[in-house]
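Participant: Have a look at this prediction, sequence included:
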Amino acid sequence: MSSLWPELERLLGEVQKPARYIGCEDGMILPAHHPDKAAWLLIYPDTYEVGLPNQGLQILYEILNERPDAVAERSYAPWTDLAAALRREGLPLFSLDTHRAAGDFDLLAFNLSAELVYTNLLECLDLAGVPIRTADRGPEHPLVLVGGHCSYNPEPLADFIDAAVLGDGEEVVSEISEVVAAWKAQGRTSREDVLLALAGVTGVYVPSLYTVGFRDDGILDVVRPLHPAVPELVEKRTVADLADWPYPKNQLVSLTEVVHDRLNVEVFRGCTRGCRFCQAGMITRPVRERPAEQVRTMVAEGLRRTGYDEVALTSLSTADFSGITEVVADTVSDDACGQVSVSLPSLRVDAFTVGIAAQIQRARRTGLTFAPEAGTWRMRQVINKLIREEDLYGAVESAFSQGWRRVKLYFLTGLPTETDEDTLGIIGMAEKCVEIGRRHQKGASVTISVGAFVPKPFTPFQWFGQNTEQELNRKVGLLRDAARKAKGVQLKWHDTRASVVEGLLSRGDRRMGAVIEDVWRNGGVFQEWGEHFALSLWTDAMDRHGVSFEEHVYRHRHEDEALPWDHLCAGLHKDFLWQDWRDALDEVGLEDCRWTPCYDCGACTGYGIEHVVASATPPAGGSQGTGQELGPDRVGAVPVGLSQRRPPIVEPNLLPAGAER
Amino acid sequence: MSVVANPRIRIRFSKQGKVRFTSHRDVARIWERALRRVALPVAYSEGFSPRPKISYGLALPTGYASEAEYLDVELDREQAEALGLVSQGIPENPQDGLIGRLNQVLPVGIRVQAIAPVQPGSSSLQQAVVACTWEFEVDAAGFDEVEAWVSRVLDADEIIVERERKGKQVTDDVRPLVEALEVGRGRCGTGGETVRVTAVLGTQPRALRPVELLEAMLVDPAAGPHPPLSARTVCRMQQWMLRESQESQESQESQESQESQESQQSQEDIKITQGDARVEPLSVDAGPAALVETRV
């Protein structure tokens, strides 16, 4: 294994943004390769600027390099100009750390955060010189793994990947390293040997060891193991306590500008607000908070080490972190940190949150972003995003009165049961926000950003037939007409064509593999980039392979129908999800289970762990996530497990209406 | 704004190896982080988005190496005085310890060579620099071929290039910017012989880059067959500024600019410009040998 740098160096003069390919970040590790070690190449199949900040990849990079039996390097999808130059010169995909050929690694592990990057996975494999189809690979080729949120339905990629890893990676990567190191020690015998061994690791799914059956009407019937030793149900991995995993310890600081270019400290994992459209909130349960003291240390040390002047406290809903007030106060008052700004990437919609924001954004009060997600209370009950209008207006009032000049609101359209009244409610809310803003500032403006809803696996909406492209376009049209008449309201919307392709891949089965390969063979890479996305590539490929939006995207699934991911487990009971789907259709909201009794979704009980929170009381301020006031008699009276070992206490008299079944 | 100007320091650094593929803007951000990490009391701008007051010299094209990059850093006067870094408005011994601390936090390939105080009232880096010395290898060409190209450049009355400026196509005669051009032999990493060119190219009113000069000659229809020249491993070796005297700066400068035109006219027929009294290496005045290179 030797460095390709001298050859690559000559190409970098001719490509855009060559700093993407040099590595050299602060925090980079130069691993000591050894024939006995499992050599991982961690690949983010999108551009360097998008992939570098990925925390999951950075965490595994450090953990693997700390192990005596493994090494890890990184790679990102080369932009089309470099990909063409590599092919022209006969050079392979390479690692950034030591510029080694990707084919020299034992494992190519892809982080999949979004479905539209699937064709980039094939592009990376092909550039690496690895056969794109699993069936064509031999013992001399690297093993191809995927992880990340998309791995909860890896079926569309079943033809191309050797294994998918479900859930938190911190522990399972070590077990995989042991299996691969042992396989190398035995002289890399047959590929089946190592795949069978990998399938024995909890959390690892090997698609080639399962068979798929279809009914006569073309609907998926069952996915069944082909070998007695592989599990019928593959469980996800969950780390019990984030305090044991203070990673990344040395966050990579890129030499060139990347997205989220700041120190990022994860304050908790998981979310129990139960927003029914949100896959991340469902599959990462239960809530595991990092101790506030550890957060403070990671922030202070991280700022000193990196020289960043901004830190983001990351999670799915950071204002819910029980130590938020203290951590923020400590950070902004720490002189050693200099002029630091703190950002909370996911703001809760209430005045309390704006108060925190005021504390941390003393200078740059340009814009604040909230996500009410839907325009009417009825619609928000359906999706279980239980923000009352007064919560939003309170937040907006608070923002404009404290000097913010712009408010941005995120919404979804194409939600289950959505009527035109619900859709147009979005504009109504935005107008009211402008009106509130203009009481404080003449030029107050509100930007609304509307995305098309795409149903995802392991959510209560996994049975929902996605709105057609035409229907989504009609709704966007309604919004555009209404926004034109609304003063001070600016509307932005996402490409509805990309949304239906995302829908195809998110809930697709193995028949999508041929479509993905076809699109890639016809040059469809970087499909998540507007300038490269082409719907016709997809529709042409679908026609050739007998796949239709009608069957795979727009069709409502039946209760008794097998779903392509039924043999995988995200911790959630399918009957819990079905009941939650019925509740959604009945417009029944469900309170946040951190401060209410357990609904038995399966995420805690199935793993013998529970929510780890530092406080037994819900955060002060807002009622979002509860749907009703948490009166004094209820606050604090709600049993909450403070450690992972204490069994949950359920007091039936406190069950909210929505939980009685 | 304080009435008394903040003290300034000038830092000279090199940029070599992989890191040379970072852009001018990337380097600026690298410096902001490095200065925060060594806790230097940098002055910040006022207003909604305070920015550190750092000014960078002439942008180095992405991919080029350099032995002579500069930046000026404005220090917060009060903090710097409190820390004993400044006396009478002038930073005292700014090199002490700081070079080592910066080199510990800068990426591999960026190395501080010297730091010196900037005299109050000195002109900015962008204004001060009048020329740069460049070295580069010429790809796929023999010594004789390159030598012929050098003669052609020096013999030319004018060299017209088309460039884009603020979105408009403009034509410039860049011949006056070619102050010196020399060809020599070098050794490449594998031991083979390479042809190296050393060029001193002017920067005012607009800098001429080595690649622009090579390309200009290739498209000149009067020049006959064009040698397929392309530069690689381009390195900025030195930046030059006008020597500032005790006398009135203005008159001195205008006088010198006239002289410079004259001297250029008379030097056109020789390949190597002799050491020119009117310019000096962009000094950081601290006097270490590493900083001052005399031109032959």
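Facilitator: The structure has been received and is ready for your questions.

Participant: so B:Val200 sits in a strand?
Facilitator: Yes. Under DSSP: H, G, I helix; E, B strand; the rest coil, B:Val200 falls within a strand.

Participant: I figured it was touching B:Leu208, is that so?
Facilitator: No. Counting by Cβ atoms under 8 Å, B:Leu208 is not a contact partner of B:Val200; they are 10.2 Å apart. Using the backbone N, CA and C atoms, a C-beta is placed for each residue, glycine as well.

Participant: So between these two, which is more surrounded?
Facilitator: B:Leu208 (25 against 22; other Cβ atoms under 10 Å in any protein chain shown).

Participant: what sits against that one?
Facilitator: B:174, B:177-178, B:201-202 (Cβ atoms under 8 Å, 6 or more residues apart in numbering or on different chains).

Participant: Dump those to CSV, plus pLDDT and distance to A:Asp69.
Facilitator: Formatted as CSV, the contacts of B:Leu208 follow (pLDDT from 0 to 100; distance: Cβ to Cβ, whole Å):
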residue, pLDDT, distance to A:Asp69
B:Val174, 91, 60
B:Leu177, 93, 59
B:Val178, 93, 60
B:Leu201, 94, 55
B:Gly202, 93, 59
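
Participant: Quick check: residues of the stretch 151-296 of chain B near chain A?
Facilitator: B:Arg232 (Cβ under 8 Å from any Cβ of the partner chain).

Participant: so where is the stretch 151-296 of chain B shaky, pLDDT-wise?
Facilitator: Counting by pLDDT under 70, the ranges of the stretch 151-296 of chain B that qualify are B:188-191, B:217-229, B:243-296.

Participant: Then the stretch 1-150 of chain B?
Facilitator: Using pLDDT under 70, the stretch 1-150 of chain B drops low at B:1-3, B:48, B:94-95, B:140-141.

Participant: what does it put close to chain A?
Facilitator: B:18-19, B:21-23, B:25-26, B:29-30, B:32-37, B:39, B:44, B:48-50, B:62-63, B:105, B:107-109.

Participant: Can you go through those and name the buried ones?
Facilitator: Neighbour-count burial (16 or more other Cβ atoms under 10 Å in any protein chain shown) applied to those gives B:18-19, B:21-23, B:26, B:29-30, B:32-37, B:62-63, B:105, B:107, B:109.

Participant: Residue of chain A closest to chain B, please.
Facilitator: Closest contact between chain A and chain B, by Cβ to the nearest Cβ, is at A:Gly307 (3.1 Å).

Participant: The residue lying closest to B:Gln204 once chain neighbours are set aside: neighbour count?
Facilitator: Using Cβ to Cβ, 6 or more residues apart in numbering or on different chains and skipping the chain neighbours, the partner closest in space to B:Gln204 is B:Val130 (5.5 Å). Applying other Cβ under 10 Å, we find 22 residues neighbouring B:Val130.

Participant: my guess is A:Ala300 is in a strand, correct?
Facilitator: No. Counting by three-state DSSP, A:Ala300 is not part of a strand but helix.

Participant: Could you check how far it is from A:Gln55?
Facilitator: Separation of A:Ala300 from A:Gln55 (Cβ to Cβ, to the nearest Å): 18 Å.

Participant: what do B:Val200 and B:Leu208 both touch?
Facilitator: Joint contacts of B:Val200 and B:Leu208 (Cβ under 8 Å, 6+ apart) are B:Val178.

Participant: Chain neighbours aside, what residue packs nearest to A:Glu418?
Facilitator: Per Cβ to Cβ, 6+ apart, closest to A:Glu418 is A:Met379, 6.3 Å.

Participant: May I ask you to confirm that the one you found is in contact with A:Leu424?
Facilitator: No. Using Cβ under 8 Å, A:Met379 is not in contact with A:Leu424; the gap is 11.0 Å.

Participant: Which one of the two is surrounded by more residues?
Facilitator: Remark: of A:Met379 and A:Leu424, A:Met379 carries more neighbours, 26 against 17, as counted by other Cβ under 10 Å.

Participant: Give me the pLDDT value at that one.
Facilitator: Note on A:Met379: pLDDT of 97.

Participant: ok, now which ones touch it?
Facilitator: A:415, A:417-418, A:422, A:425.

Participant: which pair in those residues spans the largest distance?
Facilitator: A:Thr417 and A:Gly425 (13.1 Å; Cβ to Cβ).
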